[in-house]
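Chemist: I would like the atomic coordinates for the input below:
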Amino acid sequence: MEFAGAPVEGVGEGGAAGDVLDKIFNNIMKSNSIFTNRDALRNDYIPDRILFRDDEIAQLGQMLAPILRGNKPSNIFLYGKTGTGKTVVAKYVMRKLGERISQLKLNTKFIYVNARLASTQYKVLVELGSQLDISIPFTGLSLSEASSRIFDKLRRDGVNVVLIFDEIDYIVKNYDDNVLYELTRANNELLGGNFVSIVGISNDLKFKEYLDPRVLSSLSEEEIVFPPYTVDELEAILRDRVKMAFRPGVVSEAALKLCASLAAAEHGDARRAVDLLRVAGELAEREGSEEVSPDHVTRASKSIERDRTYEVVRSLPLHAKLILAAALSVPDETNTGRLYSNYALMAKRLGIEPLTQRRISGILSELDVLGIINAPVVSSGRFGRSKRIRLAVPRDAVARALREDELISSIL
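Modeler: Numbering: from 1, shown residues only. As a prediction, this is how the structure comes out:
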């Protein structure tokens, strides 16, 4: 098979590219990896011991324990900033309870769905159905019809379900709470004591404000709030992961402390701390270094920031992307009025009805919380108060993500 394309920069004709690749591959084969278990640094890794979350594990375990007697547990919300241990604790408790359920031969299934990865309400139900061996077409059914197929299967098989619904706020903020309403009515549809319970995970403590009162009364039965990790706790977590993931003596003390301090500055984010450690280790290994240094951590931080910006911007709803496109159209910073004018012009060029200034102000606040923009409110004297808006992340990373949207790319 032949691959056509532009020549690699710095590589000449006559098989030089192949020689370079052979050299890279041979070096990898000859050298000893600085890693012993790279999987211990993955975001989906669930350790056998979770540090500094004993109370939260105990609370969640107590709330879900009625399952062991065949009873429906409460619906539960887990709140906390990114990287505070919500998902890892939920999966850890799910794994432990699953072991006990298998021993007792109970007909209960734990299912994990990430709303952001599913991306739409309908795809949430498709994913839920897939894990229950229920065939739901990718298109063509209403939410109610897709839900009824799931409930019919659960009723026939006598199956109980505990749904771990990660980033639950993503669906509600970008669409509505119809899928949650469908899931909460499951217990009215099921007979014979079967149940569907939801463990919702959210980064937004104000998430409940988006819910219809009918859904809120059913869903928000019990709550656990996860506090941010301190810098000392992050250091201890990293030391634990270093022992699991690297050869002894590879990660310098200074590099470990820098990972912890950078993550602590971002609301005690353990996920970021472990990501920094992983990427720094990968940079060191590519360079043939026997030690992970602070320089590797610094470069890893810049790389992760670009990747994070790209992923966040790419997953934003349309009007948020239009606001960022409007922000890219000014060289540095602007005020709310000018940004809104640019946004409205772009929306009209695409044949889209602009949102109100009040709604745009709310989206700006959400982008500020995400760290994509800085939008402090400043006084303009007799002209009143206004937000001063500027991008807080690399412009090229924002532009690259926006260009992936066919609609937005047509106006950039």
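Chemist: Going by neighbour count, list what's buried in stretch 122-135.
Modeler: Buried residues in stretch 122-135, counted by 16 or more other C-beta atoms under 10 Å: Y122, K123, V124, L125, V126, E127, L128, G129, L132, I134. Bear in mind the C-beta positions are built from the backbone N, C-alpha and C, glycine included.
Chemist: Out of those, flag the one nearest to S361.
Modeler: Of all these, S361 sits closest to V124, with 29.4 Å by C-beta to C-beta.
Chemist: check contacts around the closest one.
Modeler: V113, A115, A118, F165, I171, V179 (C-beta atoms under 8 Å, 6 or more residues apart in numbering).
Chemist: Q121 now?
Modeler: By C-beta under 8 Å, 6+ apart, the contact list for Q121 reads L143, I171, Y175, D176, N178, V179.
Chemist: Next one: it from L262, what distance?
Modeler: 36 Å (C-beta to C-beta, to the nearest Å).
Chemist: can you check V297 too?
Modeler: Relative to L262, V297 is positioned 7 Å away (C-beta to C-beta).
Chemist: same check, this time on I50
Modeler: Distance from I50 to L262, by C-beta to C-beta: 22 Å.
Chemist: mind listing the strands for the stretch 101-250 of the chain?
Modeler: Secondary structure of the stretch 101-250 of the chain by DSSP state E, counting those that start in this stretch: the strands cover 108-114, 160-166, 196-202, 222-225.
Chemist: Of the ones you listed, give the one that comes closest to D39.
Modeler: Closest to D39 of the strands of the stretch 101-250 of the chain is strand 108-114 (C-beta to C-beta; 17.9 Å).
Chemist: Compute the mean per-residue pLDDT across that closest one, please.
Modeler: Throughout strand 108-114, pLDDT has a mean value of 96.
Chemist: That strand: partners in the sheet, and parallel or antiparallel?
Modeler: Note on strand 108-114: by DSSP bridges, its sheet partners are strand 160-166 (parallel).
Chemist: Just list what the lengthiest helix in the chain packs against, helices and strands only.
Modeler: In the chain, assigned by DSSP state H, the helix with the most residues is helix 294-314. Applying 3 or more C-beta pairs under 8 Å, 6 or more residues apart in numbering; DSSP states H and E, one finds that helix 294-314 contacts helix 253-265, helix 270-286, helix 395-402.
Chemist: Can you tell me who the nearest residue to Q131 once chain neighbours are set aside pairs with across the strands?
Modeler: Excluding its sequence neighbours, the residue lying closest to Q131 (C-beta to C-beta, 6 or more residues apart in numbering) is I111, at 4.8 Å. Beta-bridge partners of I111, counted by DSSP bridges, are L163.
Chemist: Between the two ends of stretch 362-376, how far is it?
Modeler: 13 Å (C-alpha to C-alpha, to the nearest Å).
Chemist: oh sorry, the question was meant for stretch 201-208
Modeler: Terminal residues of stretch 201-208 are spaced 12 Å apart (C-alpha to C-alpha).
Chemist: Next: stretch 182-196.
Modeler: Distance across stretch 182-196, first residue to last, is 11 Å (C-alpha to C-alpha).
Chemist: can you pull out the strands in the stretch 301-412 of the chain?
Modeler: Counting by DSSP E, counting those that start in this stretch, the strands of the stretch 301-412 of the chain are 333-335, 373-374, 377-379, 385-391.
Chemist: helices or strands up against the second one?
Modeler: Under the contact criterion of 3+ C-beta pairs under 8 Å, 6+ apart, strand 373-374 touches helix 357-370, strand 385-391.
Chemist: Indicate which one of those is closest to K348.
Modeler: Per C-beta to C-beta, nearest to K348 of these: helix 357-370, 14.3 Å.
Chemist: Next, the angle strand 385-391 makes with the closest one.
Modeler: Put simply, helix 357-370 runs at 50 degrees to strand 385-391, going by axes from the mean of the first three to the mean of the last three C-alpha atoms, to 10 degrees.
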